[in-house]
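> what follows is a predicted structure for the sequence shown.
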Amino acid sequence: MKIQSIKDTEVDEKLDLELRHLLSTCFIKAGDEIFKIRRFYKEPPAHRWYIRAEDGRLIAHTALHEKMVETAQQKIPIGGIAEVCVHPEFRGHGFVRSLLKAVHNWLSMNHVPFAVLFGNPKVYTSSGYFSVSNLHLQKKSEDGDLLWEPKLAMVCRLSDKNWPEEVVYLQGPDF
Ligand SMILES: CC(C)(COP(=O)(O)OP(=O)(O)OC[C@H]1O[C@@H](n2cnc3c(N)ncnc32)[C@H](O)[C@@H]1OP(=O)(O)O)[C@@H](O)C(=O)NCCC(=O)NCCS
């Protein structure tokens, strides 16, 4: 099946409706109702990859955020993978692996050395992801102070660069 990609800013009304329909069908925990009214959870992604069935139905999707992480020594561009989903009728056919392969090719071509996501390791290990525990995100404390806290993440290495061993900071929301 053909994989298509689009910049989120180029999504038209019809595709917006299809995306919200697929996301609302796949994401059903409390809070996910947000997908009924908008096609992103926390912030709009830069790009999307998707697959249609023979009959034209949108059946698989992933979003990509263009982000930077920082260590004490360096800034590193990353691709933030989000809203990975496959329509229930089409699961178990490897569509996640196919979509991520296409995203990884695009990131490599654009010299982005890592894809990062927050998800179930059982789903992503076969696509080349490994767990990391040194990624830190900003959180507001009860007193309103901003604190850095570690959050388990998964990383896929897309070049010969190694994921840093020191603390890695990601500004802004997770994805
Ligand atoms: C998670 C989801 C995208 C997987 O779709 P899928 O069509 O089964 O994915 P694939 O066929 O490409 O499978 C990819 C891997 O995920 C594994 N997998 C799929 N669903 C799984 C589940 N619920 N629990 C554990 N592993 C799962 C598969 O076994 C496969 O692993 P393998 O390559 O080592 O054999 C789909 O179930 C979905 O849309 N769920 C709701 C949305 C969601 O929760 N998305 C985020 C997931 S972190």
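Nice, thanks for sending it over. Numbers count the residues shown, from 1 in each chain.

> tell me which stretches of this structure form helices.
Ranges of helices in the chain, per DSSP state H, are 13-26, 34-37, 95-109, 121-124.

> what does this structure put close to the ligand?
Selection of the chain residues close to the ligand by CB under 6 Å from any ligand atom yields 26-27, 84-86, 91-97, 119-120, 122-123, 126. (C-beta placed from N, C-alpha, C; glycine too.)

> what sits against the closest residue in space to residue 136 that isn't next to it in sequence?
Leaving aside its chain neighbours, residue 136 sits nearest to residue 148 (4.3 Å; criterion: CB to CB, 6 or more residues apart in numbering). Going by CB atoms under 8 Å, 6 or more residues apart in numbering, residue 148 touches 136-139, 167, 169.

> distance-wise, check residue 148 relative to residue 74.
Distance of residue 148 to residue 74, computed by CB to CB, to the nearest Å: 17 Å.

> adding distance to residue 5 and mean pLDDT, write the helices of the chain out as JSON lines.
Listed next are these as JSON lines, based on distance: least, CB to CB, whole Å; pLDDT from 0 to 100:
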{"stretch": "helix 13-26", "distance to residue 5": "12", "mean pLDDT": "98"}
{"stretch": "helix 34-37", "distance to residue 5": "20", "mean pLDDT": "98"}
{"stretch": "helix 95-109", "distance to residue 5": "7", "mean pLDDT": "98"}
{"stretch": "helix 121-124", "distance to residue 5": "19", "mean pLDDT": "98"}
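
> now for the ones you listed, which one comes closest to residue 61?
helix 13-26 (5.8 Å; CB to CB).

> give the other helices and strands that that closest one contacts.
helix 34-37, strand 58-70, strand 75-86 (3 or more CB pairs under 8 Å, 6 or more residues apart in numbering; DSSP states H and E).

> put the alpha carbons of stretch 157-164 into PDB.
Extracted C-alpha coordinates of stretch 157-164, given in PDB (Å, rounded to 0.1, in the frame of the first residue of the first chain):
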ATOM      1  CA  ARG A 157      19.400   6.000  15.800                       C
ATOM      2  CA  LEU A 158      19.400   7.200  12.200                       C
ATOM      3  CA  SER A 159      23.100   8.000  11.600                       C
ATOM      4  CA  ASP A 160      26.400   6.900  13.100                       C
ATOM      5  CA  LYS A 161      25.900   9.400  16.000                       C
ATOM      6  CA  ASN A 162      25.300   7.900  19.400                       C
ATOM      7  CA  TRP A 163      22.500   9.000  21.800                       C
ATOM      8  CA  PRO A 164      24.300  11.100  24.500                       C
END
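
> nice, that's everything, thank you.
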